[in-house]
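> got a predicted structure here, sequence first:
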Amino acid sequence: MTVSLSTVEDKTRATIGVRLFTVLAWVPERRALRRVHSSHPHAYPVGGEKTVEVAAGWLERCITGQEPYFGPDGAAVREIFADHELIDTLGCGAVINVPVVDDGRTLGVLNILDAEGSYDDDSVAAARSLAPLAVPALREILEETR
């Protein structure tokens with residue numbers, strides 16, 4: 001049985017806490033990230049896409065390099081995300097982005113946000129350990145939409 005992305009959200013909430021949780025699927029043909037799960041569907045609806053809304057270095061780090069991004073405060077969020085004002089209205093000022101990798105291929109990214117100062121390096125390590133839970137669900141979603 002495939003672990004749902006809602007279950008991944010619940011486990012993330014129980015492990016490190018989260019105010020805003022979204023999952024983006026990587027669509028390499030368009031160099032786009034498509035939202036496939038959201039804890040806040042009114043602000044961040046499923047189906048929305050990000051192409052150039054994030055800084056170029058972020059894509060290189062998370063998608064190509066398959067390394068997490070950790071932004072501990074509002075300044076880091078403002079530096080990377082064009083939608084930082086919306087993020088701020090949700091009370092979020094810290095972000096962890098963790099790539100979801102399957103057999104060397106980046107399937108997508110977990111986006112974990114909470115109040116400024118909520119996360120530290122241990123939170124990043126915990127988030128990274130949760131990412132494999134999303135592999136089966138992301139693999140199914142990507143296969144269905146091809």
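Received the coordinates, thanks.

> report the central residue of the protein.
For the chain, Asn111 is the residue whose C-alpha lies nearest the centre (Cα atoms, centre = their mean; 2.1 Å).

> in three-state terms, label that residue for me.
strand (DSSP: H, G, I helix; E, B strand; the rest coil).

> need the pLDDT of it.
Here, the pLDDT recorded for Asn111 equals 96.

> these two touch, right, it and Ala25?
No - using Cβ atoms under 8 Å, Asn111 is not in contact with Ala25, being 11.9 Å away. Where C-beta positions appear, they are placed from N, C-alpha and C, glycine not excepted.

> same for the helix or strand of the chain with the lowest mean pLDDT, what does it pack against?
Least confident helix or strand of the chain, by mean pLDDT, DSSP states H and E, is strand 49-50 with a mean of 78. Under the contact criterion of 3 or more Cβ pairs under 8 Å, 6 or more residues apart in numbering; DSSP states H and E, strand 49-50 touches strand 32-38.

> switch the cut-off to 10 Å
Applying 3 or more Cβ pairs under 10 Å, 6 or more residues apart in numbering; DSSP states H and E, one finds that strand 49-50 makes contact with strand 20-27, strand 32-38.

> nearest to Glu9, out of those strands?
strand 20-27 (4.6 Å; Cβ to Cβ).

> quick one: the closest one to strand 32-38, angle?
Angle, strand 20-27 to strand 32-38, by axes from the mean of the first three to the mean of the last three Cα atoms, to 10 degrees: 140 degrees.

> what are the pairing partners of strand 20-27, and which direction each?
Sheet pairing of strand 20-27 (DSSP bridges) gives strand 32-38 (antiparallel), strand 105-114 (antiparallel).

> about what we covered before: burial count for the residue nearest to the residue nearest to the centre of the chain when sequence neighbours are not counted?
Computed as Cβ to Cβ, 6 or more residues apart in numbering, the closest residue to Asn111 that is not its neighbour in sequence is Thr22, at 4.5 Å. Other residues near Thr22 number 28, with proximity taken as other Cβ atoms under 10 Å.
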